[in-house]
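Asks: Give me a 3D structure for the following:
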Amino acid sequence: MLKSHGRYDFVPITRRTEGTWPNGARLAVYFSLGVEEYVFGEGMTENLLAGASQPDLANTSWRDYGNRVGAFRILERFRALDVPLSVLLNTEVYDHAPDLARALSEAGCEMIAHGLTNSDSLHDMPEDREAAYLASVRDAIAAREGRPPLGWSSPWLAHSPLTLDLLHEAGYGYVLDFALDDRPVWMKTRGGRLLHIPYALEINDSSTVIGRLASGREFAQMIVDQFDEMLASADQPVVMSVVLHSFISGQPFRLRAVIDALAHILRRRDEIWLTTPGAIHAHVTAHPELAV
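Replies: Take a look at the predicted model:
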(Lines give C-alpha, C1' and ligand atoms only; values in the text may rest on other atoms or scores of the structure.)
Protein backbone atom coordinates (compact mmCIF):
# COMPACT_ATOMS: atom_id res chain seq x y z
CA MET A 1 0.00 0.00 0.00
CA LEU A 2 1.09 3.56 -0.70
CA LYS A 3 1.93 5.95 2.10
CA SER A 4 -1.15 7.78 3.40
CA HIS A 5 -1.90 10.60 5.81
CA GLY A 6 -4.37 8.25 7.52
CA ARG A 7 -6.87 10.98 8.35
CA TYR A 8 -9.87 9.42 6.57
CA ASP A 9 -10.85 6.20 4.84
CA PHE A 10 -11.94 5.67 1.25
CA VAL A 11 -15.75 5.76 1.19
CA PRO A 12 -17.18 6.32 -2.31
CA ILE A 13 -20.31 8.36 -2.93
CA THR A 14 -22.13 5.14 -3.84
CA ARG A 15 -22.09 4.21 -0.14
CA ARG A 16 -24.89 6.61 0.62
CA THR A 17 -25.37 8.37 3.92
CA GLU A 18 -28.85 8.45 5.43
CA GLY A 19 -31.27 11.21 6.36
CA THR A 20 -31.85 14.72 5.04
CA TRP A 21 -31.04 18.28 5.90
CA PRO A 22 -33.75 20.40 7.57
CA ASN A 23 -37.03 20.65 5.66
CA GLY A 24 -36.20 17.43 3.83
CA ALA A 25 -33.54 19.08 1.67
CA ARG A 26 -30.80 17.01 0.03
CA LEU A 27 -28.53 19.98 -0.75
CA ALA A 28 -27.08 22.35 1.84
CA VAL A 29 -25.50 25.53 0.46
CA TYR A 30 -23.29 27.94 2.38
CA PHE A 31 -21.36 31.09 1.45
CA SER A 32 -18.20 32.05 3.32
CA LEU A 33 -16.38 35.37 3.09
CA GLY A 34 -12.66 35.66 3.72
CA VAL A 35 -12.00 38.80 5.78
CA GLU A 36 -8.25 39.02 6.10
CA GLU A 37 -5.39 41.16 7.36
CA TYR A 38 -1.78 41.00 6.12
CA VAL A 39 1.53 42.07 7.63
CA PHE A 40 2.95 44.81 5.42
CA GLY A 41 6.03 43.60 3.59
CA GLU A 42 6.25 40.25 5.39
CA GLY A 43 5.04 36.69 4.95
CA MET A 44 2.61 35.37 2.34
CA THR A 45 0.29 37.65 0.39
CA GLU A 46 -2.55 37.51 -2.12
CA ASN A 47 -1.49 39.69 -5.05
CA LEU A 48 -3.34 41.07 -8.04
CA LEU A 49 -0.17 42.44 -9.65
CA ALA A 50 2.58 39.84 -9.71
CA GLY A 51 6.18 40.94 -9.21
CA ALA A 52 5.41 44.36 -7.80
CA SER A 53 8.39 46.28 -6.44
CA GLN A 54 8.92 46.82 -2.73
CA PRO A 55 7.51 48.51 -0.78
CA ASP A 56 4.39 47.12 -2.41
CA LEU A 57 1.71 49.74 -1.85
CA ALA A 58 -0.25 48.75 -4.96
CA ASN A 59 -1.19 45.20 -3.92
CA THR A 60 -1.53 46.31 -0.30
CA SER A 61 -4.08 48.94 -1.28
CA TRP A 62 -6.02 46.37 -3.33
CA ARG A 63 -6.27 44.08 -0.30
CA ASP A 64 -7.16 47.04 1.95
CA TYR A 65 -10.07 47.85 -0.38
CA GLY A 66 -11.70 44.62 0.75
CA ASN A 67 -11.95 45.67 4.39
CA ARG A 68 -12.69 49.33 3.66
CA VAL A 69 -15.32 48.81 0.94
CA GLY A 70 -15.79 45.32 -0.50
CA ALA A 71 -16.80 43.44 2.63
CA PHE A 72 -19.40 46.08 3.52
CA ARG A 73 -20.92 45.83 0.03
CA ILE A 74 -21.06 42.02 0.18
CA LEU A 75 -22.56 42.08 3.67
CA GLU A 76 -25.25 44.55 2.66
CA ARG A 77 -26.26 42.60 -0.45
CA PHE A 78 -26.45 39.31 1.42
CA ARG A 79 -28.39 40.92 4.26
CA ALA A 80 -30.89 42.45 1.83
CA LEU A 81 -31.47 39.01 0.29
CA ASP A 82 -31.70 37.35 3.74
CA VAL A 83 -28.84 34.98 2.95
CA PRO A 84 -26.65 33.79 5.85
CA LEU A 85 -22.97 34.62 5.53
CA SER A 86 -20.14 32.95 7.41
CA VAL A 87 -16.83 34.74 7.83
CA LEU A 88 -13.32 33.28 7.65
CA LEU A 89 -11.79 35.78 10.04
CA ASN A 90 -8.19 36.78 10.64
CA THR A 91 -8.43 38.04 14.21
CA GLU A 92 -6.14 41.04 13.55
CA VAL A 93 -9.16 42.48 11.73
CA TYR A 94 -10.60 43.28 15.16
CA ASP A 95 -7.81 45.83 15.67
CA HIS A 96 -7.11 46.97 12.11
CA ALA A 97 -10.69 47.19 10.76
CA PRO A 98 -12.86 47.47 13.88
CA ASP A 99 -15.86 48.99 12.08
CA LEU A 100 -15.98 46.00 9.77
CA ALA A 101 -15.60 43.46 12.57
CA ARG A 102 -18.43 45.17 14.43
CA ALA A 103 -20.69 45.19 11.36
CA LEU A 104 -20.12 41.48 10.71
CA SER A 105 -20.84 40.63 14.32
CA GLU A 106 -23.97 42.77 14.46
CA ALA A 107 -25.21 41.09 11.27
CA GLY A 108 -25.02 37.72 13.03
CA CYS A 109 -22.33 36.24 10.79
CA GLU A 110 -20.75 33.04 12.03
CA MET A 111 -17.11 33.80 12.81
CA ILE A 112 -14.84 30.97 11.68
CA ALA A 113 -11.26 31.08 12.94
CA HIS A 114 -8.82 31.80 10.10
CA GLY A 115 -5.60 32.58 11.94
CA LEU A 116 -4.23 35.81 13.31
CA THR A 117 -3.23 37.17 9.89
CA ASN A 118 -3.14 35.78 6.37
CA SER A 119 0.60 36.30 6.26
CA ASP A 120 0.91 33.27 8.56
CA SER A 121 1.36 29.58 7.82
CA LEU A 122 1.07 26.59 10.15
CA HIS A 123 3.15 24.22 8.07
CA ASP A 124 6.50 24.77 9.80
CA MET A 125 5.36 25.51 13.36
CA PRO A 126 6.62 23.25 16.14
CA GLU A 127 3.86 21.58 18.16
CA ASP A 128 3.94 23.86 21.19
CA ARG A 129 3.92 27.02 19.09
CA GLU A 130 1.10 25.79 16.86
CA ALA A 131 -1.02 24.77 19.86
CA ALA A 132 -0.54 28.24 21.35
CA TYR A 133 -1.38 29.85 18.00
CA LEU A 134 -4.65 27.93 17.62
CA ALA A 135 -5.59 28.79 21.20
CA SER A 136 -4.79 32.48 20.73
CA VAL A 137 -7.09 32.71 17.70
CA ARG A 138 -9.85 30.88 19.59
CA ASP A 139 -9.48 33.17 22.60
CA ALA A 140 -9.43 36.36 20.51
CA ILE A 141 -12.76 35.50 18.90
CA ALA A 142 -14.25 34.37 22.22
CA ALA A 143 -13.28 37.68 23.83
CA ARG A 144 -14.96 39.73 21.07
CA GLU A 145 -17.97 37.55 20.24
CA GLY A 146 -18.77 36.17 23.68
CA ARG A 147 -18.21 32.57 22.60
CA PRO A 148 -15.34 30.64 21.04
CA PRO A 149 -15.43 29.77 17.34
CA LEU A 150 -16.66 26.34 16.43
CA GLY A 151 -14.85 26.11 13.09
CA TRP A 152 -11.36 26.54 11.71
CA SER A 153 -9.96 27.27 8.25
CA SER A 154 -6.17 27.57 7.91
CA PRO A 155 -4.51 30.56 6.28
CA TRP A 156 -3.45 29.43 2.82
CA LEU A 157 -4.99 26.01 3.62
CA ALA A 158 -1.60 25.11 5.10
CA HIS A 159 -1.17 22.55 7.86
CA SER A 160 1.49 20.87 9.92
CA PRO A 161 1.37 17.09 10.43
CA LEU A 162 -0.36 17.76 13.79
CA THR A 163 -2.85 20.50 12.89
CA LEU A 164 -5.94 18.29 13.01
CA ASP A 165 -4.88 16.78 16.32
CA LEU A 166 -4.25 20.20 17.83
CA LEU A 167 -7.54 21.62 16.54
CA HIS A 168 -9.44 18.82 18.27
CA GLU A 169 -7.49 19.37 21.48
CA ALA A 170 -8.13 23.14 21.35
CA GLY A 171 -11.88 22.51 21.30
CA TYR A 172 -12.69 23.24 17.67
CA GLY A 173 -15.66 21.26 16.39
CA TYR A 174 -15.03 21.28 12.66
CA VAL A 175 -12.45 22.12 10.03
CA LEU A 176 -12.94 23.35 6.48
CA ASP A 177 -9.97 23.42 4.03
CA PHE A 178 -10.36 20.12 2.14
CA ALA A 179 -12.15 18.88 -0.97
CA LEU A 180 -12.35 15.10 -0.60
CA ASP A 181 -16.15 14.70 -0.70
CA ASP A 182 -19.49 16.42 -1.15
CA ARG A 183 -20.53 15.10 2.27
CA PRO A 184 -19.32 15.94 5.79
CA VAL A 185 -16.58 13.50 6.79
CA TRP A 186 -15.26 12.58 10.22
CA MET A 187 -11.49 13.08 10.29
CA LYS A 188 -9.28 10.96 12.54
CA THR A 189 -7.20 12.70 15.23
CA ARG A 190 -5.12 11.32 18.07
CA GLY A 191 -7.77 12.40 20.59
CA GLY A 192 -10.99 11.60 18.76
CA ARG A 193 -12.78 12.61 15.61
CA LEU A 194 -13.10 16.08 14.07
CA LEU A 195 -15.79 16.91 11.52
CA HIS A 196 -14.74 18.12 8.10
CA ILE A 197 -17.34 20.17 6.23
CA PRO A 198 -16.90 20.37 2.44
CA TYR A 199 -14.97 23.45 1.37
CA ALA A 200 -14.67 24.77 -2.17
CA LEU A 201 -11.19 24.74 -3.61
CA GLU A 202 -12.61 25.54 -7.07
CA ILE A 203 -15.83 27.49 -6.41
CA ASN A 204 -13.50 29.93 -4.72
CA ASP A 205 -12.74 33.38 -6.09
CA SER A 206 -9.09 33.24 -5.01
CA SER A 207 -8.13 30.05 -6.83
CA THR A 208 -10.40 30.81 -9.78
CA VAL A 209 -10.19 34.55 -10.39
CA ILE A 210 -6.65 35.21 -9.17
CA GLY A 211 -5.15 31.76 -9.70
CA ARG A 212 -6.73 30.90 -13.05
CA LEU A 213 -7.50 34.44 -14.26
CA ALA A 214 -11.18 33.67 -14.78
CA SER A 215 -13.52 36.62 -15.20
CA GLY A 216 -16.18 37.52 -12.67
CA ARG A 217 -18.85 36.25 -15.07
CA GLU A 218 -17.03 32.97 -15.56
CA PHE A 219 -16.84 32.54 -11.80
CA ALA A 220 -20.55 33.29 -11.46
CA GLN A 221 -21.37 30.73 -14.14
CA MET A 222 -19.30 28.18 -12.22
CA ILE A 223 -21.49 28.82 -9.17
CA VAL A 224 -24.64 28.35 -11.24
CA ASP A 225 -23.40 25.17 -12.91
CA GLN A 226 -22.19 23.68 -9.63
CA PHE A 227 -25.54 24.40 -8.00
CA ASP A 228 -27.68 23.06 -10.84
CA GLU A 229 -25.72 19.82 -11.14
CA MET A 230 -25.53 19.18 -7.41
CA LEU A 231 -29.23 19.84 -6.93
CA ALA A 232 -30.16 17.60 -9.86
CA SER A 233 -27.96 14.72 -8.71
CA ALA A 234 -28.41 14.89 -4.93
CA ASP A 235 -29.67 11.47 -3.83
CA GLN A 236 -28.29 11.88 -0.29
CA PRO A 237 -27.39 14.85 1.95
CA VAL A 238 -24.57 16.83 0.29
CA VAL A 239 -22.98 20.25 0.78
CA MET A 240 -22.11 22.97 -1.71
CA SER A 241 -19.86 25.81 -0.59
CA VAL A 242 -18.92 29.09 -2.24
CA VAL A 243 -15.82 30.91 -0.99
CA LEU A 244 -15.52 34.66 -1.53
CA HIS A 245 -12.91 37.20 -0.45
CA SER A 246 -13.68 40.81 0.39
CA PHE A 247 -11.00 42.25 -1.92
CA ILE A 248 -11.86 39.98 -4.87
CA SER A 249 -15.63 39.51 -5.03
CA GLY A 250 -16.07 42.83 -3.23
CA GLN A 251 -15.04 44.60 -6.44
CA PRO A 252 -18.31 45.99 -7.84
CA PHE A 253 -18.16 44.31 -11.26
CA ARG A 254 -17.48 40.91 -9.69
CA LEU A 255 -20.06 41.41 -6.96
CA ARG A 256 -22.74 42.08 -9.58
CA ALA A 257 -21.96 38.71 -11.18
CA VAL A 258 -21.95 36.89 -7.83
CA ILE A 259 -25.32 38.40 -6.89
CA ASP A 260 -26.76 37.27 -10.21
CA ALA A 261 -25.59 33.73 -9.42
CA LEU A 262 -27.06 34.02 -5.94
CA ALA A 263 -30.39 35.13 -7.42
CA HIS A 264 -30.37 31.95 -9.52
CA ILE A 265 -29.90 29.87 -6.37
CA LEU A 266 -32.62 31.76 -4.50
CA ARG A 267 -35.18 30.84 -7.14
CA ARG A 268 -34.84 27.26 -5.80
CA ARG A 269 -34.58 28.27 -2.15
CA ASP A 270 -37.48 26.08 -1.04
CA GLU A 271 -35.66 22.99 -2.33
CA ILE A 272 -32.37 23.53 -0.48
CA TRP A 273 -31.01 24.39 2.96
CA LEU A 274 -29.26 27.78 2.77
CA THR A 275 -27.11 27.69 5.87
CA THR A 276 -23.72 28.07 7.58
CA PRO A 277 -20.99 25.58 8.48
CA GLY A 278 -21.83 25.93 12.16
CA ALA A 279 -25.44 24.96 11.54
CA ILE A 280 -24.28 21.99 9.45
CA HIS A 281 -22.06 20.87 12.33
CA ALA A 282 -24.96 21.15 14.77
CA HIS A 283 -27.26 19.13 12.51
CA VAL A 284 -24.66 16.42 11.91
CA THR A 285 -23.93 16.21 15.62
CA ALA A 286 -27.64 15.60 16.24
CA HIS A 287 -27.88 13.19 13.29
CA PRO A 288 -24.51 11.38 12.98
CA GLU A 289 -25.75 9.25 10.08
CA LEU A 290 -25.44 12.33 7.83
CA ALA A 291 -21.63 12.20 7.88
CA VAL A 292 -19.20 9.69 6.36
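Asks: just the helices in this protein please.
Replies: Shown for the chain, the helices assigned by DSSP state H span residues 57-65, 71-80, 93-96, 98-106, 127-145, 163-169, 205, 216-233, 252-266, 277-286.
Asks: tell me which residues of the helix-or-strand element of the chain with minimal mean pLDDT are tucked away?
Replies: Lowest by mean pLDDT, DSSP states H and E among the helices and strands of the chain is helix 57-65, with a mean of 92. For helix 57-65, the neighbour count (16 or more other Cβ atoms under 10 Å) marks N59, T60, W62, R63, D64, Y65 as buried. All C-beta spots, glycine's among them, are computed from the backbone N, C-alpha and C.
Asks: Equivalent analysis for stretch 29-43, please.
Replies: For stretch 29-43, the buried set under the neighbour-count rule, 16+ other Cβ under 10 Å, comprises V29, Y30, F31, S32, L33, G34, V35, E36, E37, Y38.
Asks: what is the rounded mean pLDDT of it?
Replies: Stretch 29-43 shows a mean pLDDT of 94 in the predicted model.
Asks: Run the chain-centre distance for it.
Replies: 10 Å (Cα atoms, centre = their mean, to the nearest Å).
Asks: ok, back up a step: columns distance to A50 on top of the helices of the chain, output as JSON lines?
Replies: As requested, the helices of the chain are exported to JSON lines (distance: least, Cβ to Cβ, whole Å):
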{"stretch": "helix 57-65", "distance to A50": "9"}
{"stretch": "helix 71-80", "distance to A50": "24"}
{"stretch": "helix 93-96", "distance to A50": "25"}
{"stretch": "helix 98-106", "distance to A50": "27"}
{"stretch": "helix 127-145", "distance to A50": "29"}
{"stretch": "helix 163-169", "distance to A50": "29"}
{"stretch": "helix 205", "distance to A50": "17"}
{"stretch": "helix 216-233", "distance to A50": "19"}
{"stretch": "helix 252-266", "distance to A50": "19"}
{"stretch": "helix 277-286", "distance to A50": "32"}
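Asks: Would you tell me which one of those helices is buried the most?
Replies: Highest mean neighbour count of the helices of the chain: helix 205, a mean of 28 (counted as mean count of other Cβ atoms under 10 Å).
Asks: Fine, thanks again, bye for now.
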